[in-house]
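Here's my sequence, what's the structure:
(chains A and B)
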2 protein chains.
Amino acid sequence: MKIQSSKEFKLQREVEYGTPEQNKAVREIVAGIKQEGDAALLRYTERFDGAVLTPAQLRVTPEELEAAYGRVEESFVTAIRAAAVNIRAFHARQKRNSWMDLQPDGTVLGQIIRPLKRVGVYVPGGKAAYPSSVLMNVIPAQIAGVPEIVMVTPPSTGGSEGIDPYILVAAAEAGVHEIYRVGGAQAIAALAFGTESIVPVDKICGPGNIYVALAKREVYGAVDIDSIAGPSEIVVLADDTAEAAYIAADLLSQAEHDEMASAILVTPSQRLAEEVAAEVERQLLTLPRETIARASVENYGAIIVVESLNEGISVVNRLAPEHLEIVVNDPMALTGAIENAGAIFLGPYSSEPVGDYFAGPNHIIPTNGTARFSSPVDVDDFIKKSSLIYYSKEALLRDGAAIMELARREGLEGHARAIEIRLEKEAKGGDGNGEQ
Amino acid sequence: MKIQSSKEFKLQREVEYGTPEQNKAVREIVAGIKQEGDAALLRYTERFDGAVLTPAQLRVTPEELEAAYGRVEESFVTAIRAAAVNIRAFHARQKRNSWMDLQPDGTVLGQIIRPLKRVGVYVPGGKAAYPSSVLMNVIPAQIAGVPEIVMVTPPSTGGSEGIDPYILVAAAEAGVHEIYRVGGAQAIAALAFGTESIVPVDKICGPGNIYVALAKREVYGAVDIDSIAGPSEIVVLADDTAEAAYIAADLLSQAEHDEMASAILVTPSQRLAEEVAAEVERQLLTLPRETIARASVENYGAIIVVESLNEGISVVNRLAPEHLEIVVNDPMALTGAIENAGAIFLGPYSSEPVGDYFAGPNHIIPTNGTARFSSPVDVDDFIKKSSLIYYSKEALLRDGAAIMELARREGLEGHARAIEIRLEKEAKGGDGNGEQ
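Here you go, the predicted model:
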């Protein structure tokens, strides 16, 4: 890894919007599903995933779900159950209640919190099929109270039944029982607009390839979507007390995700910088995903030597990383100065995979500098709020003149008259409707 | 207004994505601002708003802000102050705290809530310049704790100083003191990417014309944006106890906004349906914005006669209106069944303008059926969350095996090794870093 000063370093990455051909293909697929429903869904599934299905075969059966348990190790089931307990406990703390503010004049104002009714979770196939991501998408929706959570995943992803059994077990453990073996842009369109076999949803979440991302963008508005994730990032802010081998391992755990992943060390310690650079080289040699990780550290990785931890904090805030590890003598003392970071890991034992899999906070976290204004997936992503306004006669008589004043200054006479007609009738002694 | 059964009625509206020419124009303006900064900003301001400014004249001075008070009525200042008090009180109830969960083994998990650092509010010029919208965008950001709130508004909007004085007073009352006289796509680009005179922001909110909407879509990702509002909507669910004249006035207060606004009555009462239809005609005749309101009720308005209030609730949930009035004998008893509505107004005195201007809840509410999955603007729109994870050595030793199990099932050996290297070192008696 290159060792640089903070002045030399600039992380520059562009968001992927797809080629014109990819956009055109996605628009055609979405239009096909809207017009033809299941017929198009089956046709695209054959064309893109090579699976010939009947409508009745789209949905994974309870027997298939049960059978998946026979195809995974007991240790996996135990581990994912323990992770699910922690993820549930953390997200349960995010749940909020509707509230009301009852005023002495009879006015009631409130905010009603309700779960979305139906949510679709996309799970990619192939080597990007991550059981942990199933938990991270499904559990917050469940805690929010979403009554219908449906999963889609492409059928050609290994295993004799066509879906990775680890994904099926994760879904069952998370409590999802409505699963369809469809993927790609066609699955997104089916979730958004519905087909004969699939009831449309209110929101679609979960990662996918470029076609899935473009399809989500295309259907946004008809349904809600989650944000479109960029490549994963870690920044480690460390001082002289940090252990180089730990830091190098954490950087590589990020780099192995993707050739475009970014792993960055920021430190005032020249010694640590050099030791970590050497450790990264040493550990890379035995890493199964060495090629990917090496491309990542060479193109998007950096070791930035700063004058001080304070300068390091400025660099971190500018990068606004998805993951931030603070491995210094007193990490909590620096945390208040961190303005932008999706998830913050403190101290030598809070290695990023602790959060990726197990501790409880969500691992779907804003990438590409968007931690400046967005947040990890949480229960709030699966609720909607409604304002509640009950105005008493007394309150309307008191506030009516001010409301009309404001309406008339905006040239909205109809607004003023909706108030005025009530004030006039009430001045005449009311009309016998509603409250007496 | 047409009286129809619920089977006959279908509200069909498409989202406006602009013409190819409009999209091209907006992309060019955004690119111009990115490349040339102030020079382009001044050039576009001259071209589109006809105002020839120097860089020093972009920002509204404190003296201009003060002078605006001399150009508005005292009654306006009094009314907007009273509204601001109510809006602050309501939004203050939405504010949330960071929290921590401290576990006996030393593990600390938490969610840090922070305000966005800098927010830009777009305020349209001309007849769409609404002082009330300034309060509705600014106050939630203030309550969230956003330290820098900046406003932009085009310079050609009446008044000798080039900006509507009501807008300036609303801004000053809301506490905004950084105001630039720029508008259109160039203002959005300047907020997103910055110029010599304007520091870039983290989020842009506020309504605007099609060029503003397209520019917001174009810069999204570099900054956050609020949702792009569609035409306004009201649905009134009323029974035989409702006063036809009140209902008609409320429908027209919505219809006068925009020819594409939608005003719909849903009622089981044929008598009320007929009386409201007659009242709408009667009230339309004297409405200053009769032409707009008439176009709205003719094209997007409806009176839907249903079999029962229960069927009426189904219709409401299907429409997912921005505004819902429930004017029935016992409105609270029906509220629990309302799944989708942005703001709910209960009883005969809770006329929609009460909420538009004064009661306290936000008047920026999801349109076009998106209340199914989105919410009125609130304090949550101006915060970001970070997860906090501190794992103790004890916790890592306990959970390490499960974390490695999950990482290896996903083929992410580097993740497993980041844990393993720590477990191995600790088994050898630690290495002296961090916690001892």
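
Please name the bridge partners of the closest residue in space to A:His323 that isn't next to it in sequence.
Leaving aside its chain neighbours, A:His323 sits nearest to A:Ile234 (4.4 Å; criterion: CB to CB, 6 or more residues apart in numbering or on different chains). Quick note: C-beta positions are derived from backbone N, CA and C, even for glycine. Using DSSP bridges, the beta-bridge partners of A:Ile234 come out as A:Ala263, A:His323.

swap in A:Arg118?
A:Glu148.

Mind pulling up the pLDDT for it?
In the predicted model, A:Arg118 carries a pLDDT score of 98.

Touching, it and A:Leu191? I think so.
No: using CB atoms under 8 Å, A:Arg118 is not in contact with A:Leu191, being 9.1 Å away.

any shared contact partners between the two?
Residues touching both A:Arg118 and A:Leu191 by CB atoms under 8 Å, 6 or more residues apart in numbering or on different chains: A:150, A:200-201.

Show the buried residues in these.
A:150, A:200-201 (16 or more other CB atoms under 10 Å in any protein chain shown).

Throw the residues you listed into a markdown table and include secondary structure and pLDDT, thanks.
Output for these, formatted as a markdown table (DSSP: H, G, I helix; E, B strand; the rest coil; pLDDT from 0 to 100):
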| residue | secondary structure | pLDDT |
| --- | --- | --- |
| A:Val150 | strand | 98 |
| A:Pro200 | coil | 97 |
| A:Val201 | coil | 97 |
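
Can I get those in a markdown table including distance to B:Phe345?
Formatted as a markdown table, those follow (distance: CB to CB, whole Å):
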| residue | distance to B:Phe345 |
| --- | --- |
| A:Val150 | 34 |
| A:Pro200 | 29 |
| A:Val201 | 29 |
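
Skipping its backbone neighbours, what lies nearest A:Gly37 in space?
Closest to A:Gly37 by CB to CB, 6+ apart is A:Thr195, at 3.8 Å.

Pull the number of nearby residues for the one you found.
If you count neighbours by other CB atoms under 10 Å in any protein chain shown, A:Thr195 ends up with 24.

Could you do A:Arg114 as well?
Residues near A:Arg114, counting by other CB under 10 Å, number 18.

where does the helix or strand hosting it sit relative to the chain's centre, distance-wise?
Following DSSP states H and E, one finds A:Arg114 within strand A:108-115. Averaging C-alpha positions (CA atoms, centre = their mean, to the nearest Å) puts strand A:108-115 24 Å from its chain's average.

tell me what it is packed against?
With contacts taken as 3 or more CB pairs under 8 Å, 6 or more residues apart in numbering or on different chains; DSSP states H and E, strand A:108-115 sits against strand A:99-102, strand A:383-390.

residues in contact with A:Glu394?
By CB under 8 Å, 6+ apart, the contact list for A:Glu394 reads A:105-106.

Now the element after the helix or strand hosting it, going C-ward?
Counting by DSSP H and E, the element that carries A:Glu394 is helix A:393-409. As assigned by DSSP H and E, the chain's next helix or strand after helix A:393-409 is helix A:413-427.

follow-up on the earlier one: quick check: of the shared contacts of A:Arg118 and A:Leu191, which lies closest to chain B?
A:Val201 (9.2 Å; CB to the nearest CB).

Surely that closest one touches A:Tyr122?
No: assessed by CB under 8 Å, A:Val201 is found out of contact with A:Tyr122, at 10.7 Å.

what residues do these two have in common as contacts?
A:Leu191.

any chance you could map the strands in chain A?
Counting by DSSP state E, chain A has strands at residues A:3-5, A:99-102, A:108-115, A:118-122, A:148-152, A:178-180, A:203-205, A:224-225, A:233-238, A:262-267, A:302-305, A:323-327, A:343-346, A:383-390.

how far off strand A:148-152 does the fourth one point, in degrees?
Right, strand A:118-122. For strand A:118-122 against strand A:148-152, the angle by axes from the mean of the first three to the mean of the last three CA atoms, to 10 degrees is 20 degrees.

Please enumerate residues in contact with strand A:118-122?
Contacts for strand A:118-122 (CB under 8 Å, 6+ apart): A:134, A:137-138, A:141, A:146-153, A:176, A:183, A:187-188, A:191, A:199-208, A:212, A:382.

Give the buried subset of those residues as a PyMOL selection command.
Buried residues among these (16+ other CB under 10 Å), as a PyMOL selection:
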select buried, chain A and resi 134+137+138+141+146+148+149+150+151+152+153+176+183+187+188+191+200+201+202+203+204+205+206+207+208+212+382
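
so what pLDDT did A:Gly125 get?
pLDDT recorded at A:Gly125 is 85.

same question, A:Gly159
43.

what does the stretch 51-200 of chain A have sitting close to chain B?
A:75-76, A:78-80, A:82-83, A:89-90, A:93-94, A:99, A:101, A:107-109, A:111-112, A:114, A:116-117, A:127, A:130-132, A:166 (CB under 8 Å from any CB of the partner chain).

Make a ChimeraX selection of the buried ones in those residues.
Here is the ChimeraX command that selects the buried residues among these (16+ other CB under 10 Å):
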select /A:76,79,80,82,83,90,93,94,107,108,109,111,112,114,116,117,130,131,132,166
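
where does the stretch 201-350 of chain A dip in pLDDT?
Applying pLDDT under 70 to the stretch 201-350 of chain A flags no residue at all.

And the helix holding A:Glu394, what's buried?
A:393, A:395-397, A:399-400, A:402-409.

Can you give the domain ranges for chain A?
A:3-13+A:231-359, A:20-225, A:393-427 (automatic domain parsing).

Pipe these into a markdown table and attach distance to B:Glu64 per row.
Shown next, in a markdown table, are those (distance: least, CB to CB, whole Å):
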| stretch | distance to B:Glu64 |
| --- | --- |
| domain A:3-13+A:231-359 | 32 |
| domain A:20-225 | 35 |
| domain A:393-427 | 19 |
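
As a check, name the ranges of all helices in the stretch 201-350 of chain A.
Under the criterion DSSP state H, counting those that start in this stretch, the stretch 201-350 of chain A contains helices at A:210-219, A:244-255, A:270-284, A:290-300, A:309-319, A:331-335.

Cheers, nothing more for now.
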